[in-house]
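> Pasting the sequence and the predicted coordinates here, then a few questions.
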Amino acid sequence: MIRLVLLGGPGSGKGTQADRMKERYRAVKISTGDLLREEIRRESELGRRAKQFMDKGELVPDDVMIGILDKMTQAFETRAQSYILDGFPRTLPQAQALLEMLKKQGVNLTTALLIDVPESELVRRLSSRWTCRNCSATAGYPDGKPDQAVCGQCGGELYQRDDDKKETILNRMKVYRKNTEPLIRFFEEKGLLTRVEGFGDPDSVAMRIHETLERTLKS
Ligand SMILES: [Zn+2]
C-alpha cells in the first residue's frame, strides 16, 4: 500500500504523472477541493463546519481539513487502498499535521515525491503556448514561435494570452517557490523526500517514478 504526497511546480507534469500512478498502483488521487465538496454534499459534521468558513469566503482551517482527510484515509487503511495526495499539504503546519495524523493511525508516509524540473525548463514549457485570435485554437512552441507561424486550424494570427506570457509565469514560479521550498526542506529533514528528475517525455518520467518508488518500497 502506498501513501504518497506529490510535489511539483506548475508545468512539471504532476497531473499527468498522478494519473499514471493511479493506474499503476490502483491508487486514489485525493485533491482537497474534491474532498471538501464531497463532505459538504454529504452534510457531515465536518462538512458543515467547512461550509461555514467557505460561505464567508474564508479558508477552511487546517484542523477541519485534517479531520476530513483522517476520516477518509482511515477508510482506505481498512481496505489497503493506496492514495496520492495532490495539492495537500500546502503549508508547513499542514505538513506537520499530516504526519501527526498518520502517526496516530500507526502508519508511515511512503514518501513525498518531488517531480524535479529546473525552473528554466518549467518557464520554457509554460510560456510556449500561443492562441489563435480567430478561433482560439492553441499551439505549443517550446523552442520559440517562428515569425511566420499561423494557426494550424484556420490560418489566423497567433498571440500570447497574458497567462502564458513569460512575466506572468515567472511570477507564478516565485509564488510556487515561496510556498513549496519550506515543504521540500521539511520532508527532506524527515528523510521522507524522494526526488525524481522530471525532464523528458511523460513515459520516461513515469518509468523513473516507478523505479524510484520500487526502491523506496523495498527499503
Ligand atoms: Zn485559428
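Received it, and whenever you're ready, just let me know what you need. Nothing here was measured: the structure is a model prediction, and the numbers come from that model.

> can we go C-alpha only for contacts and neighbour counts from here?
OK.

> so for the longest helix seen in the chain, what's the average pLDDT?
If you go by DSSP state H, the chain has its longest helix at helix 166-189. On average, the pLDDT along helix 166-189 is 93.

> Enumerate the positions of stretch 190-198 that are buried.
192, 193, 194, 195, 196, 198 (16 or more other C-alpha atoms under 10 Å).

> measure the first one to residue 11 for me?
So that's residue 192. As judged by C-alpha to C-alpha, to the nearest Å, residue 192 and residue 11 stand 23 Å apart.

> and the buried residues of stretch 190-198, which two are the farthest apart?
192 and 198 (18.4 Å; C-alpha to C-alpha).

> Would you mind measuring from the residue nearest to residue 28 when sequence neighbours are not counted to the ion?
Spatial nearest neighbour of residue 28, chain neighbours left out: residue 83 (4.6 Å); criterion: C-alpha to C-alpha, 6 or more residues apart in numbering. For residue 83, the distance to the ion equals 41 Å [C-alpha to the ion, to the nearest Å].

> that older thread, filter the buried residues of stretch 190-198 down to the ones in strands?
193, 194, 195, 196 (DSSP state E).

> The first one touches residue 115, doesn't it?
No: counting by C-alpha atoms under 8 Å, residue 193 stays clear of residue 115, with 10.7 Å between them.

> could you redo the buried residues of stretch 190-198 as a markdown table and give each row pLDDT?
Below are these laid out as a markdown table (pLDDT from 0 to 100):
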| residue | pLDDT |
| --- | --- |
| 192 | 96 |
| 193 | 97 |
| 194 | 95 |
| 195 | 95 |
| 196 | 96 |
| 198 | 92 |
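
> Can you tell me which of the residues you listed is closest to the ion?
residue 198 (31.6 Å; C-alpha to the ion).
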